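Asks: Below is the sequence, then the predicted model.
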Amino acid sequence: MATQGPTGTTSDVTSFANFATWAGSTAGINKALTSFGWTQTSDTNQIDWTNATAAPFSGSTYPITNQPTTGYSINARGAWVSGSNYAVGDVVKDATTFTSYYTFLAITNSTTTPSSDTTHFLVYHYEIWKTTDTYTVSSPWTVSRTSGGLATWVVSNRLKAGWIVVISGMTNVPSLNGTWTVASATSSQFSVQTTGGTVSSTSDTGTAVYTLQPICMKLEYWGNTASYSTAPWVRLSFGTSTDGVGNLSGNFIGGNNSTGSQTAGGPIYCDLRASSATPSGSQTSSIWRCIWEGSTSRFGTCLWYNRNDTNAANSGSVAWVVERGHDDSGNEIDDYFTYVALCVGNAGVFSGGATTQVQQRSITKPNPRVNISTITVNGSNQVTITYTSKTGYQFAVGAIIYASGNNGATFINNQFITVTAATTNSVTGNFTNAAYGPLPDTGFLILSTSSSTLTPIAGTGGVCMSNERPVMPYTSQTTLAVNGNTALLPIFPLVGFLGNPLTMCMSVRSGDQPTHDTTATGVTVYGTSHTYYFPQGTTSLNPYLAFGPDVTTANSGLALRWD
């Protein structure tokens, strides 16, 4: 069940103290994310909203002078130390302002505190949040173990081969409590490889818990001194992990993303800011209205959605949602997640200065890749490949793997091998070749069923990626059936997945559009009815006049799932 955050909250962000309260505590993003079950990562130098005194670095145009705007990464180095050398991209914390600063000009022998050295440093507020959701297979169940140590649980199951699970609570066979890699799985059972002896079929109790790959959301805060100077300027990016010093890693969309597909808008990151258009009225706290919605696996927000004036097309509203994918039964999966970001008018910057309204994209789980240690081909043309374990991952029987990079067994390079047997660190498959090895080698293995087509591999928990950052296509389409159910946003499921990844928002066209803070029920997704919240404006000059490329059509806008 989803949890909703502050509803219709107005915020006065005309001072940094108020801005910090909005973002970090009373009614802001931090409070909402915390209540939904998200947590901050351990990356160094994240903003300390309680103690920081320096306001966000500001500017009136995009990009702000000296701020990082293209393929960049940071190197969070902790506290600033007098006499140290700092390179471009280093982030340090100034003890006098309790604020972190970005080095935009390299400096040798830094002796002036960053808060006083505007020649080399500028204020840098950032934070990274991640999901912490889990999937649990509960007992009662029937368990057995072969003489070879293969333990099998018979139970209704959604675990996949390759997933790492924590099993606890077993009393009849306590030796099976612990952390295991799933060796194989079906809808009615799963198995792990252990070193123990035979256990005949017996009933037992306990839980098997799998922690889904996190969705990491990075927020960077800047100040806007243009017409809407009291609205925060949020830079938004997503990934599947972080590097510990402030950058997204794995598969990601972010500032340090210098490669990847550049089609359909070529998104690098999302700069969401209030419009530069001149407002018709004064800026007061009453216009800065925000709501939050989410759960342990998703987050959505509409900011400044009651900002209406005579230039409504440039009214400065901002919204974004991010959510896990779903399988064809509506179950949450971690094979990929999807986000949609929206800025009304000319406020949204999604690609190094380009102006667009909407960015929509899915990010898949990184394709498991391991380094080869040795290769053997026996007289029966069976190839055995020993590889370096990658955080407990093992390839599953039936998986098709792609081998390359070998300097000895070059006949294996650029070949597809079907796994016929697997242990923790080796793969056995069939390959026609003369006897070879065992000899050390330098190549790698990667999950794949094709060198060009994005295809999930049954039972592995991974997705073969031909493009690590596939762009989801734009569309003005207002309907898209999800398993025959009521349409939601025009999101195209990834190849190989039947489910629509976005259940938490929808594009609406309704006659009561000018009426704000209304709900609608009866939207059915995957057989379940949901409630949606319409954060619309108070006049016909709606901040969400359009969604997607259909910018001339009135009475269409964004609704958040509200249950």
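Replies: Okay, I see it. Numbering: from 1, shown residues only.
Asks: any chance you could map the helices in the chain?
Replies: For the chain, helices defined by DSSP state H occupy the ranges 16-24, 29-36.
Asks: looking at these, which is closest to Thr111?
Replies: Ranking the helices of the chain by proximity to Thr111 (CB to CB) places helix 16-24 first, at 26.8 Å. C-betas here are computed from N, CA, C, even on glycine.
Asks: any idea of the mean pLDDT in that closest one?
Replies: Per-residue pLDDT over helix 16-24 has a mean of 84.
Asks: Stretch 158-171 too?
Replies: pLDDT averaged over stretch 158-171 gives 87.
Asks: Now the terminal residues of it, how far apart.
Replies: Stretch 158-171 has an end-to-end distance of 23 Å (criterion: CA to CA, to the nearest Å).
Asks: on that earlier part again, with distance to Lys365 and mean neighbour count added, can I get the helices of the chain in a markdown table?
Replies: Shown next, in a markdown table, are these (distance: least, CB to CB, whole Å; neighbours: other CB atoms under 10 Å):
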| stretch | distance to Lys365 | mean neighbour count |
| --- | --- | --- |
| helix 16-24 | 30 | 20 |
| helix 29-36 | 22 | 20 |
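Asks: Could you export these as a markdown table, including distance to Val123?
Replies: Shown next, in a markdown table, are the helices of the chain (distance: least, CB to CB, whole Å):
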| stretch | distance to Val123 |
| --- | --- |
| helix 16-24 | 10 |
| helix 29-36 | 18 |
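Asks: Minimum distance to Gly443: which of those helices has it?
Replies: The closest of the helices of the chain to Gly443 is helix 29-36. By CB to CB, the value is 41.7 Å.
Asks: If you count contacts, what does that closest one end up packed against?
Replies: With contacts taken as 3 or more CB pairs under 8 Å, 6 or more residues apart in numbering; DSSP states H and E, helix 29-36 sits against helix 16-24, strand 289-295, strand 298-303.
Asks: The first one versus strand 289-295: what angle between them?
Replies: Right, the one you point to is helix 16-24. Inter-element angle recorded for helix 16-24 and strand 289-295: 30 degrees (by axes from the mean of the first three to the mean of the last three CA atoms, to 10 degrees).
Asks: can you put the helices and strands packed on helix 29-36 in JSON lines and add distance to Ser241?
Replies: Formatted as JSON lines, those follow (distance: least, CB to CB, whole Å):
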{"stretch": "helix 16-24", "distance to Ser241": "24"}
{"stretch": "strand 289-295", "distance to Ser241": "20"}
{"stretch": "strand 298-303", "distance to Ser241": "17"}
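Asks: residues contacting the closest residue to Gly28 other than its chain neighbours?
Replies: Closest residue to Gly28 apart from its sequence neighbours, by CB to CB, 6 or more residues apart in numbering: Trp22 at 4.4 Å. Contacts for Trp22 (CB atoms under 8 Å, 6 or more residues apart in numbering) come out as Ser11, Val13, Gly28, Pro232, Cys290.
Asks: Just the terminal-to-terminal distance for stretch 34-51.
Replies: 19 Å.
Asks: pLDDT on that stretch, on average?
Replies: The average pLDDT for stretch 34-51 rounds to 95.
Asks: next one: stretch 66-74
Replies: In this model, stretch 66-74 has a mean pLDDT of 84.
Asks: And stretch 128-136, by the same measure?
Replies: pLDDT averaged over stretch 128-136 gives 95.
Asks: Now do the end-to-end distance for that stretch.
Replies: The first residue of stretch 128-136 is 26 Å away from its last residue (CA to CA).
Asks: and it, which residues are buried?
Replies: Going by neighbour count (16 or more other CB atoms under 10 Å), the buried part of stretch 128-136 is Ile128, Trp129, Lys130, Thr131, Asp133, Tyr135.
Asks: any idea how far Cys302 is from the closest residue in space to Ser100 that isn't next to it in sequence?
Replies: Sequence neighbours aside, Asn45 is the residue nearest to Ser100 in space, at 4.4 Å (criterion: CB to CB, 6+ apart). Separation of Asn45 from Cys302 (CB to CB, to the nearest Å): 29 Å.
Asks: What of Ile363?
Replies: The separation that Ile363 has from Cys302, given CB to CB, amounts to 22 Å.
Asks: With neighbour numbers in mind, choose between those two.
Replies: Cys302 (29 against 25; other CB atoms under 10 Å).
Asks: if we can go back for a sec, reformat the contacts of Trp22 into CSV and put distance to Ile253 and pLDDT next to each item.
Replies: Below are the contacts of Trp22 laid out as CSV (distance: CB to CB, whole Å; pLDDT from 0 to 100):
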residue, distance to Ile253, pLDDT
Ser11, 27, 71
Val13, 26, 72
Gly28, 23, 81
Pro232, 20, 74
Cys290, 23, 79
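Asks: just checking, Ile375 touches Gly405?
Replies: No. Ile375 lies out of contact with Gly405 (CB atoms under 8 Å); the separation is 11.5 Å.
Asks: quick one, which of those two is more surrounded?
Replies: Taking neighbours as other CB under 10 Å, Ile375 and Gly405 compare with Ile375 leading, 24 against 16.
Asks: dump the residue contacts of the more buried one.
Replies: With CB under 8 Å, 6+ apart, Ile375 has these contacts: 383-386, 406, 408-409, 412, 436-439, 441, 443.
Asks: ok, the longest strand that the chain contains: who's next to it in the sheet?
Replies: In the chain, assigned by DSSP state E, the strand with the most residues is strand 332-343. Within its sheet, strand 332-343 is paired with strand 318-326 (antiparallel), strand 358-364 (antiparallel), according to DSSP bridges.
Asks: Comparing the ones you listed, which comes out most buried?
Replies: Greatest average neighbour count among those goes to strand 318-326 (a mean of 25), per mean count of other CB atoms under 10 Å.
Asks: Distance check, Tyr339 against Trp141.
Replies: For Tyr339 relative to Trp141 (CB to CB), the value is 36 Å.
Asks: out of those two, which sits in the more crowded spot?
Replies: Using other CB under 10 Å as the criterion, Tyr339 and Trp141 rank with Tyr339 on top: 26 against 22.
Asks: quick one: contacts for the closest residue to the more buried one other than its chain neighbours?
Replies: Nearest in space to Tyr339, with sequence neighbours left out and distances taken as CB to CB, 6+ apart, is Val322 at 4.0 Å. Shown in contact with Val322 (CB under 8 Å, 6+ apart): Ile215, Met217, Phe238, Arg298, Phe299, Gly300, Phe337, Thr338, Tyr339.
Asks: which residue sits closest to Leu212, ignoring its sequence neighbours?
Replies: Asp334 is the one closest to Leu212 (CB to CB, 6+ apart), at 4.0 Å.
Asks: what about that neighbour, neighbour count?
Replies: For Asp334, using other CB under 10 Å, the count is 23.
Asks: which ones are touching it?
Replies: Taking CB under 8 Å, 6+ apart, one finds Leu212, Gln213, Arg324, Gly325, Lys365, Gly461 in contact with Asp334.
Asks: returning to what we had before: local confidence estimate at the residue nearest to Tyr339?
Replies: Per-residue pLDDT puts Val322 at 91.
Asks: Next one: it from Gly437, what distance?
Replies: Separation of Val322 from Gly437 (CB to CB) stands at 46 Å.
Asks: what's the answer for Asp335, then?
Replies: Following CB to CB, the distance that separates Asp335 from Gly437 is 34 Å.
Asks: Strands of the stretch 151-300 of the chain, residue ranges please.
Replies: Taking DSSP state E, counting those that start in this stretch to define them, one finds strands in the stretch 151-300 of the chain at 164-168, 178-186, 189-193, 199-204, 207-211, 216-224, 233-242, 248-253, 270-272, 289-295, 298-303.
Asks: Kind regards, and thank you for your time.
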